[in-house]
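In: need a structure here:
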Amino acid sequence: MESPFKAEVLKGKVALLTGGASGIGYEISVQLGKHGASIAVMGRRKNVIDSAVESLHSLGIPAIGLVGDVRKRDDAVRVLESTVKHFGRLDILVNAAAGNFLVPSEDLSPNGFRTVLDIDAVGTFTMCHEALKYLKKGAPGKDSSVGGTIMNISATLHYTATWYQIHVSAAKAAVDSITRSLALEWGTDYDIRVNGIAPGPIEDTAGFSKLLPQEILSKFKVNAPTTKVGQKWDIAMAAVYLASTAGKYINGTTLVVDGADWLTKPSHLPKERVKQLSRAVERRSRNEPVGIPKSKL
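Out: This is a model prediction of the structure:
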């Protein structure tokens with residue numbers, strides 16, 4: 001799809017993306033790069049990183065790949081230092097690294113719970129914490145009056161409750177809290193904008209196929225309106241928007257990009273039956289106050 005943004009809207013910017021070599025993270029890498037940014041991708045699998053960097057180069061995007069685990073502070077420090085050494089600066093940090101799997105709560109071990117919290121929540125904070133000195137206003141290579149931007153990839157699971165993903169729901173709730181707190185502190189002190197993006201169901205991603213069994217996936221694709229199934233491009237465009245000057249007054253919010261999926265609740269009655277009941281109530285209301293039995297009047 002054609003981007004609504006000018007190709008040079010992020011010209012001269014440098015972006016580091018954890019989890020930026022696959023899935024939604026890779027599409028964000030591509031779109032930030034297509035709009036002028038130089039890209040550094042961080043991940044644990046060297047073969048995946050090498051393939052992503054090769055693809056980015058084929059698109060004419062300046063890119064490097066760096067192996068590292070967001071759970072390890074030393075890796076975070078090394079990757080950030082390498083990014084700034086190579087490109088001379090850092091303007092955008094995207095925390096897209098995440099862990100997820102379906103499991104009933106009673107079968108989830110404390111270690112499994114902790115692992116997802118470590119990747120999603122602790123990893124997000126670690127990367128933000130170590131990136132601060134490069135992102136704040138006055139950092140080397142940056143305009144002295146302008147800070148950078150951070151985007152944390154979240155979810156909508158914790159807005160209500162989600163089956164068999166208690167670990168991820170807790171982690172993403174923590175990520176949203178981190179987003180708000182850092183936006184408050186670092187937006188005030190360092191002119192850094194910190195926002196989140198909460199994707200809905202996004203087709204052609206590992207999470208979409210892994211978290212929805214085939215029998216459920218088939219029904220979902222048939223029954224759900226097309227607007228309820230998003231594309232990786234949709235999330236990447238939200239990232240371009242937040243990274244650009246179009247989002248300069250947005251700070252501390254998590255942008256939900258899900259076609260209103262999390263608001264959707266299955267109807268317990270067919271629409272025609274609801275209409276019949278509504279007309280019946282309307283007819284009664286013409287003769288007596290609604291909700292007051294006639295015997296009480």
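
In: Which residue ranges of this structure form strands?
Out: Along the chain, counting by DSSP state E, strands occupy 14-18, 38-43, 63-67, 92-95, 149-153, 193-199, 254-257.

In: Tabulate the CA atom coordinates of the second one in PDB.
Out: In PDB, the C-alpha atoms belonging to strand 38-43 read as follows (Å, rounded to 0.1, in the frame of the first residue of the first chain):
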ATOM      1  CA  SER A  38      18.800   4.600   9.100                       C
ATOM      2  CA  ILE A  39      18.000   1.400  10.900                       C
ATOM      3  CA  ALA A  40      19.600  -0.800  13.500                       C
ATOM      4  CA  VAL A  41      17.900  -4.100  14.300                       C
ATOM      5  CA  MET A  42      18.500  -6.100  17.500                       C
ATOM      6  CA  GLY A  43      17.600  -9.700  18.200                       C
END
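
In: Work out the sheet partners of that strand and label each with its direction, please.
Out: Next to strand 38-43 in the sheet, as set by DSSP bridges, lie strand 14-18 (parallel), strand 63-67 (parallel).

In: hang on, the earlier thing: can I get the strands of the chain in a markdown table with mean pLDDT?
Out: Formatted as a markdown table, the strands of the chain follow (pLDDT from 0 to 100):
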| stretch | mean pLDDT |
| --- | --- |
| strand 14-18 | 98 |
| strand 38-43 | 98 |
| strand 63-67 | 98 |
| strand 92-95 | 98 |
| strand 149-153 | 98 |
| strand 193-199 | 97 |
| strand 254-257 | 96 |
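
In: want to try CSV for the ones you listed, with mean neighbour count as columns?
Out: C-beta: built from backbone N, CA, C; applies to glycine. Conversion of the strands of the chain to CSV gives the following (neighbours: other CB atoms under 10 Å):
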stretch, mean neighbour count
strand 14-18, 28
strand 38-43, 28
strand 63-67, 21
strand 92-95, 28
strand 149-153, 26
strand 193-199, 24
strand 254-257, 20
